[in-house]
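Asker: Pasted the sequence and its predicted model underneath.
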Amino acid sequence: MNSSARTRNPGQAMVVPERAAARAYRGLAVASPLHCGSLMQKTARTIHSQRLIPLALALGLAGGIGGTLLLQPNTTVAQTRAPAQAQAQTTTMVHLSKYGSDFHAVLMALESARSVQQAGGNVTLLLDLEGVRLADKRIPSDVAGHPHIASVHQIYDEVVKGGGQVLVCAHCASVAGIDKGSLKSGARLSSGQEFGRAIREATQILDY
């Protein structure tokens, strides 16, 4: 490494090749004068403990994308260097697979989606398994014994009005007896191909 790298300005971002980042993520030390291995391991632990999955990192480790991971000084958050236009179009995906069995999880998923929107971010709700029932307009908003359900329906409407997309697994909806005519405003049935594209294009995924 040349002398200019060793005298890096403290405020300058540190670029770590994806291959090195992947080795660090798997728990292997990176033999580098910058000693970035421990930082990437800490990043991985932080990501998993928060159940927050930056998709760019996940795909990068699998060899699905090109580019480099950008580590800002004094932080453990891994980001992907991307064109300014791509950065402006980042999307947070909220994946929900629960409904009647855990209304608290449903409420937290929607609260997270609303919080991202209020912070100026784009949001996509990805509903599968039992989660597709969130998009069923036939379910009343005042079911006895479910204290969170009224809030769930209210926040869903707020997220949709705020520009949030709602993708409903077509297969899961069919199993649940939900068709296109049963969907709430803002929701649409989605094929596996569209699901995959939405997951790949998301910046980060919150799983509930």
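Answerer: Yep, it's here.

Asker: what sits up against the lengthiest helix in the chain?
Answerer: Using DSSP state H to define each element, the chain has its longest helix at helix 103-118. Residues outside helix 103-118 that contact it (CB atoms under 8 Å, 6 or more residues apart in numbering): 92, 94, 96, 98-99, 122-123, 125, 131, 134, 146-149, 151-152, 155-156, 158-159, 162-164, 206, 208. C-beta coordinates here come from the backbone N, C-alpha and C atoms, glycine included.

Asker: hmm, which of the residues you listed are the buried ones?
Answerer: 92, 94, 96, 98-99, 122-123, 125, 131, 134, 148-149, 152, 155-156, 159, 164, 206, 208 (16 or more other CB atoms under 10 Å).

Asker: where does the protein dip in pLDDT?
Answerer: The model of the chain has pLDDT under 70 over residues 1-89, 141-149.

Asker: Domain map for it?
Answerer: 3-81, 86-207 (automatic domain parsing).

Asker: residues in contact with the nearest residue to residue 191 once chain neighbours are set aside?
Answerer: Using CB to CB, 6 or more residues apart in numbering and skipping residues adjacent in sequence, the residue nearest residue 191 is residue 170, 6.0 Å away. Taking CB under 8 Å, 6+ apart, we find residue 170 in contact with 189, 190, 191.

Asker: Would you confirm that the second one contacts residue 171?
Answerer: No. Taking CB atoms under 8 Å as the contact criterion, residue 190 and residue 171 are not neighbours in contact, 9.8 Å apart.

Asker: Could I get the full set of strands for this structure?
Answerer: 14-17, 52-54, 68-71, 78-80, 91-96, 122-127, 165-169, 187-190, 204-207 (DSSP state E).

Asker: what does the fifth one contact?
Answerer: Surrounding strand 91-96, the residues in contact under the criterion CB under 8 Å, 6+ apart are 55, 105-106, 109-110, 112-113, 116, 121-128, 131, 134, 198-199, 201-208.

Asker: Which ChimeraX command selects the buried ones in these?
Answerer: Isolation of the buried members of the contacts of strand 91-96 (16+ other CB under 10 Å) is achieved in ChimeraX through the command below:
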select :55,105,106,109,110,112,113,116,122,123,124,125,126,127,128,131,134,198,199,202,203,204,205,206,208
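
Asker: List buried residues within the contacts of residue 170.
Answerer: 189, 190.

Asker: Specify which member of the contacts of residue 170 is nearest to residue 138.
Answerer: Of all these, residue 189 has the smallest distance to residue 138: 15.4 Å, by CB to CB.

Asker: now the closest residue to that closest one other than its chain neighbours: how far from residue 125?
Answerer: Distance criterion CB to CB, 6+ apart; nearest residue to residue 189, sequence neighbours excluded, is residue 170 at 4.3 Å. Residue 170 is 15 Å from residue 125, where distance means CB to CB, to the nearest Å.
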